[in-house]
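1. for reference, the sequence and a predicted model appear below.
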Amino acid sequence: MFIEYDPAVYSRILTALTLSFHILFATIGVGVPLMIALAEWTGIRKNDPHYILLARRWARGFVVTVAVGVVTGTAIGLQLSLLWPDFMQLAGQAISLPLFMETFAFFVEAIFLGIYLYTWDRFTNPVKHLLLLMPVVIGAASSAFFITTVNAFMNAPQGFEIIGNTLVDISPLTAMFNPAVPTKTAHVLITCYLASALILAMIGALRIIRGETHVYHKKALHLTMTAAFVFSISTVLIGDLSGKYLAHYQPEKLAAAEWHFESTAHAPLLLGGVLLENGEVRYALELPYALSILAHGRPDAHVTGLDRFPEEDIAPLWIHYLFDVMVGSGVYLLFISALYLLYFWKFPGKLYHRALMKGIIISGPLAMLAVEAGWIFTEVGRQPWILYQVMRTTEGATTAYHVDAVLYLFTGLYAVLGATAGIVLWRMFTHNPVDREIFKRGL
Amino acid sequence: MNYEIIGIGILWLFLYGYLLAASVDFGAGFFHFYNKATKKSAEIDQLIQRYLSPVWEVTNVFLVFFFIGLVGFFPATAYYFGTVLLIPVSITIVLLAVRGSYYAFNTYGSKENLLYSFFYGTAGLFIPASLMVILAISEGGFLQFSNGTIELLYHDLLTSWLPWSLVSLAMVSVLFISSSFLAFYSWKAAEEKAYRLFRKYTLFLAFPVMLASLFVVFAISRHSSLRFQILEDLSWIFMFSFFFFCGAVFLTWKRRKPGLAFVCVMTQYFTAWFGYGASHLPYLLYPHLTIYDGVVNDSMAFALLLAFAGGMVLLIPSLLLLMRLFLFDTEYVQGKKQ
Ligand code: HDD
Ligand code: HEM
Ligand code: HEM
């Protein structure tokens, strides 16, 4: 390619690559322990060995994804310093506390995961074994919480004063508990749970659609879909609050996502559409008042538009589509889980209808897509800032040579890791069918 | 004491933790592959797996703790990460990634795969080596400053004795630490055959460890006479280290107290590690960066130490529980519990 070598560009691509790969596994890492706990607890409560087996089998697949999560997490942890040295040097003065606390969360998570996996039959009281999973659930949630506070800080930095090139009057706790934290951490956590529940539901639906009829799969599907319903309602509610956060603290991000050029009251929400050269929007579905409601909770509210911001401070407008993908998925996921429950209560005879199973199967990948879209939306939407209104992304990047070579190296690495993980998981799925294991264990 | 010293002390301690745990881990991974490739014995294999399986992720966190803590306590180091260490650290990351994930693919996947164990067995051996190259860079002399940028002088680095001596020491130490641990572990498991094998490995590796240590001393003396001087002043610490090394070899030779022998190995590396660390201070990166000019502001340093204290309250009991269940539980070690 004939573009001039710019380390900042390559750093951005590499960061985006590593993070979007890591987030797939991290999402599972945060969400699946909770689902395992739910299954094991149900099994103990109902004295039903099927649920215990469910927990066991999920845990087995889970370790494989954890491993990739751990190694890619290690990569991003180092790359933050490798690729964004000036950012880390400056921001580190104010925000290294949650990053450091995250490592303790990792410790607890890793230690108890090791214990949990190898103590299935060691206790006479099964509750003890379940209790060993609690530190994993809490540790994973806290690591997501801590890392998200760092990301929140990048969006709403506070807790310091800037004099020249240095930060003074630093207050680590104020920096950590910045205004973006409540909505961001809540939304990230709940979407991890939602996506994990749906990935597991996908597995159950896949088994059923392949003609496996054991009640085990039905129990698995019911557990995960019920959980998904609860999580998807919460996701949409918290997503709405995230919109209100944006309207208040980063109005240009919301405006860019919504192609909201002029500040007005009674603002409509645009879905899809294309943006013409002259700034005109075509083919979009317009929901009247919806943007005002999303931003401020009132149909007549005044929503700040892009006209209030200098051009160089505005993010690329294609984030609109990412926002649409995320919100669209959110609505679909809520719909499909509600539909499942409706059939479960009203038409149990048609519950395992192929169309419904297919709808559930695609909801797994769709949830992951929404997670990716959400992250890219929020990261690109923050541009041109790496630290909102404090430091521009290009100022934070490394000046080293060979970032391009490193990018190719990691692209290759993730391709190989992703492919092997896929193969290994697929083999686990196909080679050890539930029926055989149920028979072997005499359930 | 001040924040700088406490901070670097904590980090160095955790890096020692990593050195120990990772050596056992990486060495075991290598022996596992080697035994499988040469079709030695299945029991030895199982023994290794029984130890490795629950702990490898914990081992990794020690390293994560170190580098997150390093940029936390000493944010100025980030600048050097982003300039000169890009390539060496990236290589380390790739090795870590291959090692961790292929270990899991092999162990938890539906069946074992010789290619996977080759990947993680050899990657594990090269991780300490690549980390040692980074340590060698921190000794100074391999960086060039010109019009506002710094560059790593690859040619100087690769033609110096220093990195190679450290790499050779790291590689033999990994195998030595690991085999002496596994000797102890198999003795606890009452696996006579495995014990004999790992005892043999330990004794066989003792001599190369000696040789590589001397090689490092020689390389440092060539690299910088000032640096050598400082090491000489601290030679009493290294005497201790040598003493414990002899103790470990003696006990292993006599087939006495394998547990104590491993404690000797631990102490040997502990003393050498802190002796080396002390001789490196106050520089983080000689001569450009010291712990005093790289340190974070006071309020953050205080917050980090507080978080550390809180973290230890969680960490120590959890680690003890892990060890009680998998290391000191004779029945588990002997494979009577799955
Ligand atoms: C399963 C995934 C998923 C789903 C269904 C949704 N989101 Fe989301 N969203 C995320 C996954 C996600 C995320 C990956 O977790 C993000 C990216 C960064 C973050 O803070 O959370 C996010 C960010 C994010 C932001 C940006 C916050 C910021 O930049 O600070 C807003 C405004 C919303 N979401 C709003 C919504 C709304 C109104 C939804 C309702 C339908 C919705 N999201 C569904
Ligand atoms: C885990 C999910 C995340 C994903 C998928 C993600 C995605 C991205 C993407 C796509 C970019 C490039 C933006 C651009 O070039 O326009 C980026 C940049 C960046 N992200 Fe995020 N991000 C995630 C979370 C985080 C978190 C939690 C942090 C903080 C610790 C973070 C720190 C950064 C930094 C430092 C950059 C470089 C500066 C920039 O381009 O904005 N990211 N990320
Ligand atoms: C919000 C986005 C993120 C979430 C929810 C998240 C969550 C997790 C989780 C749960 C793990 C444990 C591995 C697993 O169970 O799969 C993990 C690993 C890791 N993550 Fe992320 N992560 C995110 C982004 C990041 C970023 C931006 C960094 C860089 C600072 C990072 C650093 C790490 C590290 C170093 C590990 C490995 C820890 C170990 O050795 O156990 N993560 N992450």
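-> Thanks, I have it. Residues are numbered from 1 along each chain as shown, chains lettered A, B, ... in the order given. Ligands and ions are numbered 1, 2, ... in the order given.
2. check contacts around whichever residue of the stretch 201-338 of chain B sits closest to ligand 2.
-> The stretch 201-338 of chain B approaches ligand 2 most closely through B:Met300 (16.4 Å), counting by CB to the nearest ligand atom. C-beta coordinates here come from the backbone N, C-alpha and C atoms, glycine included. By CB atoms under 8 Å, 6 or more residues apart in numbering or on different chains, B:Met300 lies in contact with A:Gln93, A:Ala94, A:Ser96, A:Leu97, A:Ile170, A:Pro172, B:Gly72.
3. roughly how far apart are the residue in the stretch 101-250 of chain B that chain A sits nearest to and ligand 3?
-> At 3.2 Å from chain A, B:Ala104 is the closest residue in the stretch 101-250 of chain B, using CB to the nearest CB. Noted for B:Ala104: a distance of 11 Å to ligand 3, by CB to the nearest ligand atom, to the nearest Å.
4. ok so, going back, the residue of the stretch 201-338 of chain B closest to ligand 2 - that's part of a helix, no?
-> Yes - assessed with DSSP: H, G, I helix; E, B strand; the rest coil, B:Met300 lies in a helix.
5. how far away is the residue nearest the centre of chain A from chain B?
-> Nearest to the mean C-alpha position of chain A, by CA atoms, centre = their mean, lies A:Val371 at 4.2 Å. Look at A:Val371 and chain B: by CB to the nearest CB, to the nearest Å, they are 21 Å apart.
6. also A:Ala180?
-> Taken as CB to the nearest CB, the span from A:Ala180 to chain B is 20 Å.
7. show me where the stretch 151-300 of chain B has helices.
-> B:154-159, B:161-188, B:192-223, B:225-233, B:235-253, B:258-280, B:291-294, B:298-326 (DSSP state H, counting those that start in this stretch).
8. give the buried residues for the longest one.
-> Neighbour counts using 16 or more other CB atoms under 10 Å in any protein chain shown place B:194-195, B:197-199, B:201-203, B:205-206, B:208-209, B:212-213, B:215-217, B:219-220, B:223 of helix B:192-223 among the buried residues.
9. show me what that helix is packed against.
-> Secondary-structure packing of helix B:192-223 (3 or more CB pairs under 8 Å, 6 or more residues apart in numbering or on different chains; DSSP states H and E): helix B:42-52, helix B:161-188, helix B:225-233, helix B:235-253, helix B:258-280.
10. excluding chain neighbours, what is closest to the residue of the stretch 101-250 of chain B closest to chain A?
-> A:Ala67 (3.2 Å; CB to CB, 6 or more residues apart in numbering or on different chains).
11. up against ligand 1, what does the stretch 251-400 of chain A have?
-> With CB under 6 Å from any ligand atom as the criterion, the stretch 251-400 of chain A meets ligand 1 at residues A:326-327, A:329-331, A:333, A:367, A:370-371, A:374-375, A:378, A:381.
12. pretty sure A:Arg207 sits in a helix.
-> Yes - with three-state DSSP as the criterion, A:Arg207 is assigned to a helix.
13. tell me the spacing between it and chain B.
-> In terms of CB to the nearest CB, A:Arg207 sits 17 Å off from chain B.
14. excluding chain neighbours, what is closest to that residue?
-> In space, A:Arg207 is closest to A:His217, 4.5 Å off (CB to CB, 6+ apart).
15. can you give me the neighbour number for that neighbour?
-> For A:His217, the count of nearby residues is 22 (other CB atoms under 10 Å in any protein chain shown).
16. now do the phi/psi pair for it.
-> Here the main-chain torsion angles of A:His217 (degrees, to the nearest 10) amount to phi -70, psi -40.
17. same thing with A:Arg282?
-> phi -120, psi 160.
18. ok, it to ligand 2 distance?
-> 26 Å.
19. is it true that that residue touches A:Trp259?
-> No - contact criterion CB atoms under 8 Å: A:Arg282 and A:Trp259 do not qualify, at 11.0 Å.
20. between those two, which contacts overlap?
-> A:Gly273.
21. which SSE is immediately downstream of the longest helix belonging to chain A?
-> In chain A, assigned by DSSP state H, the helix with the most residues is helix A:7-46. Sequence-wise, the next helix or strand downstream of helix A:7-46 (DSSP states H and E) is helix A:49-83.
22. how about that following helix: buried residues?
-> Buried residues in helix A:49-83 (16+ other CB under 10 Å): A:50-59, A:61-83.
23. right, I'll call it a day here.
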